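>>> this one's sequence-less:
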């Protein structure tokens, strides 16, 4: 580089510095000429743009219609917006001679982009071709009510004539007159049922058959116009207890399946793999109850032994002494009267040895949850009549059909129905509670005469007998689920032995029944409640348990979703000394809680061999929202089992909630709100605690 170039560079640099100073320091009216280009100062550029923004805002006016736009704009107005004139709505600009509608429309642009995707979708004809109906994928012209219309055939008779088809605008049309008379020859619904063996038919408002299905599952007739199956004609999975298999169903009054769509997309018609859809729960479902079997009164019988009657030898006072809703008794839950002639408000009364039962806590919790969900936009209620017929110290065989206790229950139901009938109101039974097992928790291992399998069988038969007899009394078609607790009396002083050498038959039988029978619902274990002695709860313990029963009843009877407790679904030995346990978790994630339930050794888990010899546990951890991992000190044998809430480290249950006896610390995070408060003045916690279990390990 020579010196001349250097000095030239210095001069150019100085000139650029001067220009930069003018741009930076110049006022709102100053500009600078830079290499022949006029550049505004920063202040001027900001002022100019702000002025433009103000002009746009201040120079814009809204008009209701295009016709109301002025022939010439007012001073300073360059933009106008029309807001209530259909296709003329939009932003207009003044060209100097006229108002011109802007081509830019953000909403229209978004809509147009949607239509690009819609137009890319296959037509109905193309869709049917895709799913293998190519022989029916061409539209046909048929006469419908004197008018020729184009239909895409869905179903044709043996001569190829369309009896059910899809119009180009998506309507489903049935044409009975187009069907060969000799093939279908059906004049009315009654004739169809009586002579043609039709299993199910869908009628229009005039009683004409829209669709009918024979016992072989085939569509046998259709007529009139069906403009598409609306939700009101059927039920979605959330409205009906259909075992989770179906997404949508249409059924008759006897719960026979006419049409169903499974969650895997499979279409089921009538007997074509579907048969009868016998729901394990009543049709008193929330969204359809007003149109089906919603009854004015719902009877719930509490069966069992002393805990079903609220026995409490410490004489804690009754808590539910007022009725906040419209739940009733005949005349008191613990003292039902077969000669009663009126319903009385459901309240609890203490009279030695009885105190609070689960009745008020449960029924009021159902009403409370319904209020929380439906009000203020829906006033539907679910008013219950509650009665207890438990017998203190009774084994299950003293409570089954043929016993005085069982007949007392039938008499109470009959009395309640007679009272309701006399009021001109409707009546049904939609649940029964089972609180028994202490006298059958005998420690008998599998294979003994009265083991858990025996108990499960007797309990299931009792539930079936109850359904048969109660349905005969009420005339209802709806099956009645049985809700049971899981007894923990194997921790009581009269039976307990420190350690794990016992097989509580009733506890395991109750769990097995709920896993094998859709009409059996295990509500909860009871180690999280407060006890007044080694076998009976106190007033808060009973009411707290009542809220759990109400929560499960609400989920099953109102929401038509079977309640399942926190329980293991799979136990696997993943390494020589490692076990992974998967759980059904109602409200994930899993938690270990040593505040509400006193810490148990290894959080309640025990690994042992077939002889109940313990295998020392090194660690227990929650590894995902539904999984617990157990690592043992030594290798796990092939015959190993895992138990939970089985260890007795303290004889008896007496004391505050979760303080003693067989227990565990595993729960979920269910935040269901309770109506009533516990001793601490806060609403009862309704977490789902893990059930007591003894399970084999998959090797």
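Looks like it arrived, so ask away. Everything numeric in this text was worked out from a predicted model, so none of it was measured.

>>> In space, what's closest to residue 635 - neighbours in sequence excluded?
Leaving out its chain neighbours, the residue that sits closest to residue 635 by CB to CB, 6 or more residues apart in numbering is residue 576, at 4.6 Å. The way it works is simple: take the backbone N, C-alpha and C, and place the C-beta from them, glycine included.

>>> same question, residue 296
residue 425 (3.9 Å).

>>> so how far is residue 348 from the one you found?
25 Å (CB to CB, to the nearest Å).

>>> the more surrounded of the two?
residue 348 (28 against 13; other CB atoms under 10 Å).

>>> Was I right to think that one contacts residue 356?
Yes: here residue 348 reaches residue 356: they are 4.8 Å apart, a contact under CB atoms under 8 Å.

>>> Give the residues shared as contacts by these two.
Counting by CB atoms under 8 Å, 6 or more residues apart in numbering, the contacts common to residue 348 and residue 356 are 310, 318, 319, 320.

>>> Now flag whichever of those residues is closest to residue 74.
Checking the shared contacts of residue 348 and residue 356 against residue 74 by CB to CB gives residue 320 as the nearest, at 73.1 Å.

>>> If you drop the residues flanking it in sequence, what lies closest to the closest one?
Residue 320's closest residue in space is residue 360 (CB to CB, 6+ apart), at 3.5 Å.

>>> Tell me if I am right that residue 571 is in a strand.
Yes: under the criterion used here (DSSP: H, G, I helix; E, B strand; the rest coil), residue 571 sits inside a strand.

>>> Quick check: it touching residue 697?
Yes: counting by CB under 8 Å, residue 571 sits close enough to residue 697 to count as a contact (4.7 Å).

>>> Mind listing the shared neighbours of those two?
579, 642.

>>> helices or strands up against the host helix or strand of residue 148?
For residue 148, the host element (DSSP states H and E) is strand 147-156. Under the contact definition 3 or more CB pairs under 8 Å, 6 or more residues apart in numbering; DSSP states H and E, strand 147-156 sits against helix 124-130, strand 140-144, strand 162-166, strand 172-174.

>>> What pairs with the second one, parallel or antiparallel?
Each strand that strand 140-144 pairs with, and the sense of that pairing, follows from DSSP bridges: strand 147-156 (antiparallel).

>>> quick one, helices of the stretch 251-400 of the chain?
358-374 (DSSP state H, counting those that start in this stretch).

>>> no, scratch that, I was asking about the chain
3-25, 42-58, 106-120, 124-130, 181-184, 189-195, 358-374, 404-422, 452-474, 505-516, 539-553 (DSSP state H).

>>> Just give me the lowest mean pLDDT stretch among the ones you listed.
Per-segment mean pLDDT for the helices of the chain reaches its minimum on helix 181-184, at a mean of 30.

>>> helices and strands of this protein: which one has the lowest mean pLDDT?
Between all helices and strands in the chain, the lowest mean by mean pLDDT, DSSP states H and E belongs to strand 225-226, at a mean of 27.

>>> Provide a list of residues in contact with the residue nearest to residue 320.
320, 323, 327, 333, 346, 347, 348, 386, 543, 546.

>>> ok, now with 7 Å
For residue 360, the contact set (CB atoms under 7 Å, 6 or more residues apart in numbering) comprises 320, 346, 347, 348, 546.

>>> Look up how far residue 296 lies from it.
For residue 360, the distance to residue 296 - CB to CB - is 20 Å.

>>> Residue 437 now?
Relative to residue 296, residue 437 is positioned 34 Å away (CB to CB).

>>> Look at those two and report which has more neighbours.
Between residue 437 and residue 296, counted using other CB under 10 Å, residue 437 has the larger neighbour count: 27 against 13.

>>> do you know how far the more buried one is from residue 532?
Relative to residue 532, and taking CB to CB, residue 437 is found at 18 Å.

>>> same question, residue 153
72 Å.

>>> ok, now residue 585?
From residue 585 to residue 532 the distance is 32 Å (CB to CB).

>>> before we move on, what about residue 410?
Residue 410 is 32 Å from residue 532, by CB to CB.

>>> Repeat that for residue 364.
22 Å.

>>> Residue 311 now?
For residue 311, the distance to residue 532 - CB to CB - is 9 Å.

>>> try residue 78
For residue 78, the distance to residue 532 - CB to CB - is 84 Å.

>>> the more surrounded of the two?
residue 532 (22 against 15).

>>> The more buried one reaches residue 310, doesn't it?
No: using CB atoms under 7 Å, residue 532 is not in contact with residue 310, being 10.5 Å away.

>>> So for stretch 68-79, what gets flagged as buried?
69, 73, 79 (16 or more other CB atoms under 10 Å).

>>> Those residues in strands, which ones?
residue 79 (DSSP state E).

>>> Looking at the buried residues of stretch 68-79, spot the one nearest residue 638.
residue 79 (83.2 Å).

>>> Show me what the closest one is bridged to.
As for beta bridges, residue 79 partners with residue 60, residue 93 under DSSP bridges.

>>> Could you tell me the model confidence score at it?
For residue 79, the predicted pLDDT is 83.

>>> Kindly report the same for residue 290.
As predicted, residue 290 sits at a pLDDT of 29.

>>> Roughly how far does the nearest residue to residue 440 once chain neighbours are set aside sit from residue 522?
Sequence neighbours aside, residue 506 is the residue nearest to residue 440 in space, at 4.2 Å (criterion: CB to CB, 6+ apart). Noted for residue 506: a distance of 12 Å to residue 522, by CB to CB.

>>> The two: which is more packed in?
Per other CB under 10 Å, whichever of residue 506 and residue 522 has more neighbours is residue 506, with 28 against 23.

>>> The more buried one against residue 434, yeah?
No: if you go by CB under 7 Å, residue 506 and residue 434 don't touch, sitting 10.4 Å apart.

>>> Give me the neighbour count for the spatially closest residue to residue 67 that is not a sequence neighbour.
Nearest residue to residue 67, sequence neighbours excluded (CB to CB, 6+ apart): residue 85, at 7.8 Å. When counting by other CB under 10 Å, one arrives at 15 neighbours for residue 85.

>>> Does residue 85 touch residue 62 like I think?
No: contact criterion CB under 7 Å: residue 85 and residue 62 do not qualify, at 11.5 Å.
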